[in-house]
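In: I need the structure of the sequence given here:
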Amino acid sequence: MEPPRFSSLEICSGAGAQALGLEQAGFDPVLLIDNRPQACETIARNRPHWQVRCEDVVDFDPADHSGAYDVDLLSGGLPRVKSPAAVRRAADEGERHLLKAAIWLLTAVRPRALLLENVPDLIEKSAFADDRSWIEDELAHAGYRPHWKVLNAADHGVPQNRRSGFLVALADGCPADFVWPEPDPGPIVTVGEALGESMATHGWPGARRWAAQADRPAPALVGGSDRRGGPDLGPTGSKRAWASLGIDGNGIADDYPGADFPLDGTPRLNVRQTAMIQAFPEDWVIHGRKTAAYRQIGHAMPPPLAAAVGRAIATALGG
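Out: Numbering: from 1, shown residues only. Here you go, the predicted structure:
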């Protein structure tokens with residue numbers, strides 16, 4: 001007997017990684033919304049039957065899309081909210097406005113469940129206490145029970161220590177309590193295991209030795225801001241962590257290392273390899289030039305992590 005399928009509305013959908021994981025967990029989107037043209041094109045190319053609207057969530061009126069009402073799940077991987085103490089300009093407050101818009105949208109469309117992903121600090125740090133209090137008050141008033149948790153993608157088959165903060169809320173009357181997914185029982189996937197074969201694509205003789213010493217998960221990929229320059233693997237601390245794995249984090253390569261790359265060289269990752277670190281499927285094509293493509297990947301939620309949380313939500317909904 002086929003397991004039940006559920007409907008979803010996804011906001012801030014990016015390159016579609018979260019929606020892809022949720023699809024694996026049994027959720028079919030009636031609509032996906034993002035304001036970046038390259039991300040909308042990525043989704044359209046990979047899932048042409050999904051309906052995508054390229055607009056700001058703040059401007060979205062569900063009355064213009066009747067299918068958005070009464071979906072089983074409202075989901076979104078929201079831009080990283082900064083601590084109130086770190087906000088210095090109006091542009092820095094935009095992420096918090098999106099968080100509030102997501103909660104307001106929930107009260108309009110009345111899904112059975114909510115899934116929002118953001119920084120771990122939103123859940124763990126006292127600086128965000130007012131945000132959590134406001135969200136919980138709004139959810140309680142609307143008839144939803146919140147659940148907060150920080151999960152690490154490395155615990156769910158992703159070769160990356162990427163900690164994400166999650167808010168899951170269930171409408172009163174759901175048939176079962178929500179239970180967070182347990183870590184996968186198998187061994188942690190290392191960078192060498194994930195990328196070793198790709199490093200040998202063009203005959204680099206050092207690929208096998210490189211893979212053997214890249215023996216742990218990667219640090220979190222950092223997509224960067226649209227307000228800064230080209231792609232790299234993050235701030236100084238992140239680059240040091242990548243260097244310890246034998247990766248030059250000062251940029252993104254155009255291709256795999258060639259046969260003439262030094263035996264003991266330190267290669268850069270290309271866009272396809274960063275997608276592997278995020279556990280995108282091999283056939284998922286990222287639209288755009290190198291910087292735009294890498295930012296879509298770096299901002300994504302790894303699909304296996306989204307699938308794990310999605311399966312837990314589906315179980316609570318009666319799946």
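
In: looking at this structure, which helix or strand does the model trust least?
Out: Least confident helix or strand, the chain: helix 90-109 with a mean of 85, by mean pLDDT, DSSP states H and E.

In: which other residues reach that one?
Out: Around helix 90-109, the neighbours that count as contacts under CB atoms under 8 Å, 6 or more residues apart in numbering are 9, 11-12, 57-58, 60, 62, 68-71, 74, 76, 78-82, 86-87, 114, 116, 118, 131, 134-135, 138-139, 142, 144, 169, 227. No exception for glycine: its C-beta is placed from N, CA and C like everyone else's.

In: again, but for stretch 280-300
Out: Contacts of stretch 280-300 (CB under 8 Å, 6+ apart): 14-18, 20, 36, 38-39, 41-42, 45-46, 77, 79, 221-224, 226, 230-231, 252, 254, 271, 274-275, 278, 302-303.

In: what about that stretch, average pLDDT?
Out: Confidence for stretch 280-300, expressed as mean pLDDT, is 96.

In: what's the answer for stretch 183-200, then?
Out: Mean predicted lDDT for stretch 183-200 stands at 97.

In: buried stuff in that stretch?
Out: For stretch 183-200, a neighbour-count test (16 or more other CB atoms under 10 Å) marks 188-192, 194-196, 198-200 as buried.

In: Next, report how far it is displaced from the centre of its chain.
Out: Relative to its chain's centre, stretch 183-200 lies at 19 Å (CA atoms, centre = their mean, to the nearest Å).

In: Next: stretch 277-288.
Out: For stretch 277-288, the distance to the chain centre is 12 Å (CA atoms, centre = their mean).

In: thinking again about what came up before, just the buried ones from the contacts of helix 90-109?
Out: 9, 11-12, 57, 60, 62, 68, 71, 74, 76, 78-79, 81-82, 114, 116, 118, 131, 135, 138-139, 142, 144, 169.

In: Show me these that map onto strands.
Out: 9, 11, 74, 76, 114, 116, 118, 144, 169 (DSSP state E).

In: Mind pulling the model confidence for the nearest residue to the fifth one once chain neighbours are set aside?
Out: I take that to be Leu114. Once flanking residues are discounted, Leu114 sits nearest to Ala169: 4.2 Å by CB to CB, 6 or more residues apart in numbering. pLDDT recorded at Ala169 is 97.

In: so how far is Pro175 from Ala169?
Out: 16 Å (CB to CB, to the nearest Å).

In: Kindly write the ChimeraX command that selects the buried subset of the contacts of stretch 280-300.
Out: The ChimeraX selection below is limited to those of the contacts of stretch 280-300 classed as buried (16+ other CB under 10 Å):
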select :14,15,16,17,18,20,36,38,39,41,42,46,77,79,221,222,223,224,231,252,271,274,275,278,302,303
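
In: now, which of the contacts of stretch 280-300 lie within helices?
Out: Members of those lying in helices (criterion: DSSP state H): 17-18, 20, 38-39, 41-42, 45-46, 271, 274-275, 303.

In: wait, which of the residues you listed is closest to Trp242?
Out: Thr274 (11.1 Å; CB to CB).
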